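A.B. asks: 3D, please:
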Amino acid sequence: MGIRLGDIAPDFEAQTTKGDIKFHEWIGNSWAILFSHPGDFTPVCTTELAEVARRAPDFEKRNVKLIGISANGLSDHEKWVEDINEWGARYGPTNVQFPIIADEDRKISTLYDMLDFQDATNRDNKGLPFTIRTVFIIDPKKVVRLTLSYPASTGRNFDEIIRVVDSLQTGDKYRVTTPVNWKVGDDVIVHPSVSNEEAKTLFPEFTIHKPYLRTTPLKVD
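C.D. replies: Take a look at the predicted model:
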């Protein structure tokens with residue numbers, strides 16, 4: 001069975017480009033994003049990792065740690081990082097500082113159910129299935145809050161991933177949910193667990209549209 005929202009993210013030990021880690025210990029009191037790649041020196045993933053490196057300050061200010069995983073060894077990872085930095089430099093300063101997990105034996109990819117068992121042709125030269133390109137957002141309690149899986153042909157949208165982090169953190173802090181296409185600064189939805197009496201205190205400007213749909217402006221700290 002795959003990992004579901006609300007599950008505790010499986011803990012593991014791993015070698016990375018930044019040294020050995022114990023995953024839960026490495027997360028500490030931060031949020032974390034674990035994102036996988038089918039292999040080093042792949043074109044779409046190279047562009048993605050460069051984008052994540054450029055956007056590192058955006059994640060840092062949200063208390064989010066980043067960690068990639070790819071089904072190659074450390075020596076390949078280190079060479080690949082050079083390519084990633086070179087590609088990213090086309091668009092701005094790029095310096096991959098987040099760790100990339102070496103998962104040549106697919107042990108962690110199997111633990112997180114990130115392997116492609118559907119396409120019999122999607123195998124490396126050892127006959128092992130490639131890793132599906134997946135994203136996990138994990139909160140400081142080590143709870144999985146989001147999972148996304150992408151086809152090999154489609155690069156991930158990290159604007160959307162940051163938007164989801166903003167939504168989750170805002171909801172946790174203010175007892176709200178966020179509507180379609182929400183961005184920081186937009187109105188939010190009063191959480192169903194908040195009564196109208198509570199809402200008068202918490203959200204003095206809230207509006208009742210339907211008994212089940214109440215919105216409010218929200219000034220985010």
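
A.B. asks: SS state for the residue lying closest to Asn29 once chain neighbours are set aside?
C.D. replies: Of all residues not flanking Asn29 in the chain, Pro140 sits nearest, at 5.0 Å (CB to CB, 6 or more residues apart in numbering). In short, each C-beta sits where N, CA and C put it, glycine included. With DSSP: H, G, I helix; E, B strand; the rest coil as the basis, Pro140 sits in coil.

A.B. asks: Sketch out the low-pLDDT regions of the protein for me.
C.D. replies: 1, 116-130, 221 (pLDDT under 70).

A.B. asks: Bridged to the most centrally placed residue in it, which residues?
C.D. replies: The geometric centre of the chain, computed from its C-alpha atoms, lies nearest to Ile33 (CA atoms, centre = their mean), at 3.5 Å. Judged by DSSP bridges, the bridge partners of Ile33 are Leu66, Ile137.

A.B. asks: Pretty sure it sits against Phe59.
C.D. replies: Yes: Ile33 is in contact with Phe59 according to CB atoms under 8 Å; the separation is 7.1 Å.

A.B. asks: Next, show the common contact partners of these two.
C.D. replies: Lys65, Leu66, Val165 (CB atoms under 8 Å, 6 or more residues apart in numbering).

A.B. asks: OK, contacts around the first one?
C.D. replies: Spelled out, that is Lys65. Trp26, Ile27, Gly28, Ser30, Trp31, Ala32, Ile33, Phe59, Phe98.

A.B. asks: how about a cut-off of 6 Å?
C.D. replies: Ser30, Ala32 (CB atoms under 6 Å, 6 or more residues apart in numbering).

A.B. asks: any idea how far it lies from Phe59?
C.D. replies: 8 Å (CB to CB, to the nearest Å).

A.B. asks: Kindly report the same for the last one.
C.D. replies: Using CB to CB, Val165 is found at 8 Å from Phe59.
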